[in-house]
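Novice: kindly return the folded structure for what I paste below:
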Amino acid sequence: MAASAYATIQCAIELRGADLRKDLTNIEVPTLILHGVNDRVCLFDLAKVMHESINGSQLYKLKKLVMVSTLKNASELTQNLSGLLASSLFFYD
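Specialist: Model prediction:
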């Protein structure tokens, strides 16, 4: 299933002016943030803001990537996700 070009453009138009940073503090689930330090579209500073705003989140810097590629870096992604799943962060009393 793929989105139409029109729907994709309309979504981008809606999101370009949205500032959802205040909503980040409402996230209460284990969160792993994977972000490329050399990303020029979505700067790494945004990942820092997300990490600082989401209580208990983990931030992993992808040094060689601009955008996350699960196919090219499957082992790195798997290692980080496995670490999150294995952490006590995932177990609630």
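Novice: Ile54 - how many residues pack around it?
Specialist: Number of residues near Ile54 (other Cβ atoms under 10 Å) recorded here: 19. All C-beta atoms are positioned from the backbone trio N, CA, C, and that covers glycine.
Novice: revised request: answer the last question for Ser57.
Specialist: Quick note: Ser57 (other Cβ under 10 Å) scores 19 neighbours.
Novice: ok, the residue nearest to it when sequence neighbours are not counted - contacts?
Specialist: Leaving aside its sequence neighbours, Ser57 sits nearest to Thr31 (Cβ to Cβ, 6 or more residues apart in numbering; 4.1 Å). Counting by Cβ atoms under 8 Å, 6 or more residues apart in numbering, Thr31 touches Ile54, Gly56, Ser57, Gln58.
Novice: for those residues, give me TSV that also has pLDDT.
Specialist: As requested, these are exported to TSV (pLDDT from 0 to 100):
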residue	pLDDT
Ile54	96
Gly56	91
Ser57	93
Gln58	89
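Novice: what about the nearest residue in space to Val49 that is not next to it in sequence, distance to Ser53?
Specialist: Excluding the flanking residues, the one nearest Val49 by Cβ to Cβ, 6+ apart is Arg21, at 6.2 Å. To Ser53, Arg21 is 6 Å away according to Cβ to Cβ, to the nearest Å.
Novice: I'd like the contacts of Thr31 as CSV, with distance to Ala7 appended.
Specialist: Below are the contacts of Thr31 laid out as CSV (distance: Cβ to Cβ, whole Å):
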residue, distance to Ala7
Ile54, 28
Gly56, 34
Ser57, 30
Gln58, 33
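Novice: looking at Arg21 and Ser53, which is more packed in?
Specialist: Ser53 (15 against 12).
Novice: look at Lys61 and give its secondary structure.
Specialist: strand (DSSP: H, G, I helix; E, B strand; the rest coil).
Novice: and for it, the neighbour number?
Specialist: Lys61: 14 neighbours (other Cβ under 10 Å).
Novice: what bridges to it?
Specialist: His35 (DSSP bridges).
Novice: send me the worst-scoring helix or strand of the chain on mean pLDDT as CSV with only the CA atoms.
Specialist: Ranked by mean pLDDT, DSSP states H and E, the weakest helix or strand in the chain is helix 74-86, scoring a mean of 73. Taking Å, rounded to 0.1, in the frame of the first residue of the first chain, the C-alpha atoms of helix 74-86 are listed here in CSV:
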residue,chain,number,x,y,z
ALA,A,74,20.5,-3.9,10.0
SER,A,75,23.0,-5.3,12.5
GLU,A,76,23.5,-1.9,14.1
LEU,A,77,19.8,-1.3,14.3
THR,A,78,19.2,-4.8,15.7
GLN,A,79,21.9,-4.3,18.3
ASN,A,80,20.3,-1.0,19.5
LEU,A,81,16.8,-2.3,19.5
SER,A,82,17.9,-5.5,21.3
GLY,A,83,19.6,-3.3,24.0
LEU,A,84,16.4,-1.4,24.5
LEU,A,85,14.2,-4.5,24.8
ALA,A,86,16.6,-6.1,27.2
